[in-house]
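Visitor: Next come a sequence and a model predicted from it.
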Amino acid sequence: MAQETDSLLPKLTLEKVALINQSDSYITLPTDIGNIEPLLFEANINPSFVIRKRKDSKLMAVLTPQIILRMYNEESFPIRTPSYIPQISAFYLLNKKNILEYTVLFGRLAHHSNGQDGDFYRDDGSINLESGNFSTNFIELGLIQTGYSKKLKALKSFKSSFEIHPKYWMQKELQGLYSGLRWHNAFTSLKFPINRAANQDRAKFSLKAETVFMLDNYNDLKMFDLDRINAKLTFYYHPKFFEDIGFFIQFYHGMDYYNIYFQHQVSVIRLGIMTEILRF
């Protein structure tokens with residue numbers, strides 16, 4: 001019976017490990033609750049282009065031309081200063097104990113800017129949110145561990161990494177204001193039935209919890225100031241009547257990640273639609 005059950009478990013690959021740990025492609029609904037500016041939507045356009053020699057390669061790369069944009073619920077519905085975050089990531093399979101237990105090392109090289117060339121500050125000394133230039137480059141190094149919980153019937157993935165913005169890779173005006181050393185942690189649980197017949201009748205649910213702790217000296221914050229912590233919790237619902245999309249509800253608290261808006265602290269609950277990237 002145990003062997004039969006194991007045979008029904010999904011098969012994991014290095015590509016799927018990588019995609020689970022990439023940020024989701026999504027679009028939000030105009031129902032945000034919190035202190036964020038009124039939006040028609042926020043969209044994260046994040047396709048992943050996999051580069052590898054063959055499907056069973058232990059080393060692979062993922063090229064991602066990520067773009068985040070917001071359409072504001074104002075006159076003429078403007079889209080201001082989108083975030084451009086092109087990146088290339090490398091994943092190396094360090095260890096594989098069984099079909100669902102992987103240990104993977106990864107590294108990422110990325111650029112984050114808003115495509116503007118105006119002065120960073122206005123004449124009154126405030127940050128120029130509409131046309132001010134924002135630009136930084138960073139590397140991220142970390143480890144991913146996956147496993148399977150028979151009790152929860154869920155695939156688990158834990159990721160821990162450090163994001164580093166070297167001083168001379170960062171725009172001069174950002175130095176001392178924008179965190180250049182961040183510790184990321186993320187836990188993902190993908191729940192699914194192990195009975196193929198049930199898989200046709202029951203929707204799938206998943207959960208992702210993410211935290212970021214800013215470790216360096218910036219913005220005159222104390223070491224244990226709560227403003228150093230970003231936290232995000234996302235619940236996903238994958239209905240059986242849609243093959244390519246799912247729905248999510250998300251709570252986020254922390255620094256605004258929308259480029260030059262980084263000094264804003266936001267708390268928001270949002271609903272949205274995401275692309276279905278994994279089919280086990």
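Guide: Great, that's in hand. Residues are numbered from 1 along each chain as shown.

Visitor: CA atoms for contacts and neighbours, from now on please.
Guide: Will do.

Visitor: who touches Gln116 in this structure?
Guide: Shown in contact with Gln116 (Cα atoms under 8 Å, 6 or more residues apart in numbering): 81, 131-134.

Visitor: Which single one of those residues is nearest to Met214?
Guide: Phe134 (19.0 Å; Cα to Cα).

Visitor: Now Tyr168: phi and psi?
Guide: Dihedral angles phi and psi of Tyr168 (degrees, to the nearest 10) take the values phi -90, psi 0.

Visitor: Give me the pLDDT for it.
Guide: According to the prediction, Tyr168 has pLDDT 92.

Visitor: Among the contacts of Gln116, which one is most surrounded by other residues?
Guide: Neighbour counts for the contacts of Gln116 peak at Phe134, which has 26 neighbours (criterion: other Cα atoms under 10 Å).

Visitor: where along this protein do the strands fall?
Guide: Assigned strands in the chain, in chain order: 26-28, 33-34, 39-45, 49-51, 59-72, 83-96, 102-113, 135-149, 154-164, 181-191, 204-214, 229-238, 245-255, 265-275 (criterion: DSSP state E).

Visitor: now the fifth one, how far from the centre of its chain.
Guide: This means strand 59-72. In terms of Cα atoms, centre = their mean, to the nearest Å, the centre of strand 59-72 is found 10 Å from the chain centre.

Visitor: for the last one, same thing?
Guide: Its chain's average C-alpha position is 12 Å from that of strand 265-275, according to Cα atoms, centre = their mean.

Visitor: elements contacting it?
Guide: Judged by 3 or more Cα pairs under 8 Å, 6 or more residues apart in numbering; DSSP states H and E, strand 265-275 is in contact with strand 26-28, strand 33-34, strand 245-255.

Visitor: so how far is Lys97 from the spatially closest residue to Trp169 that is not a sequence neighbour?
Guide: In space, and not counting its chain neighbours, Trp169 is closest to Asn137: 5.3 Å by Cα to Cα, 6 or more residues apart in numbering. Asn137 sits 35 Å away from Lys97, going by Cα to Cα, to the nearest Å.

Visitor: What is the neighbour count of Thr275?
Guide: Thr275, neighbours per other Cα under 10 Å, totals 18.

Visitor: quick one: it and Gly246 touch, right?
Guide: Yes - if you go by Cα atoms under 8 Å, Thr275 and Gly246 touch, sitting 6.3 Å apart.

Visitor: in the protein, what spans have low per-residue confidence?
Guide: 1-9, 192-203, 276-280 (pLDDT under 70).

Visitor: of all the helices and strands packed on strand 265-275, which gets the most neighbours per residue?
Guide: strand 26-28 (a mean of 21; mean count of other Cα atoms under 10 Å).

Visitor: Now the helices and strands packed on strand 265-275 in JSON lines, please, with extra columns for distance to Leu152.
Guide: Compiled in JSON lines, the helices and strands packed on strand 265-275 are given as follows (distance: least, Cα to Cα, whole Å):
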{"stretch": "strand 26-28", "distance to Leu152": "26"}
{"stretch": "strand 33-34", "distance to Leu152": "31"}
{"stretch": "strand 245-255", "distance to Leu152": "20"}
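
Visitor: Any idea which of these gets closest to Ala61?
Guide: Nearest to Ala61, of the helices and strands packed on strand 265-275 and by Cα to Cα, is strand 26-28 at 22.3 Å.

Visitor: mind listing what the closest one pairs with, with the direction of each?
Guide: Paired neighbours of strand 26-28 in the sheet (DSSP bridges): strand 39-45 (antiparallel), strand 265-275 (antiparallel).

Visitor: Am I right that Gln265 is in contact with Tyr257?
Guide: No - in this structure Gln265 lies outside contact range of Tyr257 using Cα under 8 Å: 9.5 Å.

Visitor: who's the closest residue to Gly34 other than its chain neighbours bridged to?
Guide: Closest residue to Gly34 apart from its sequence neighbours, by Cα to Cα, 6+ apart: Val268 at 4.3 Å. Under DSSP bridges, the beta-bridge partners of Val268 are Gly34, Tyr252.
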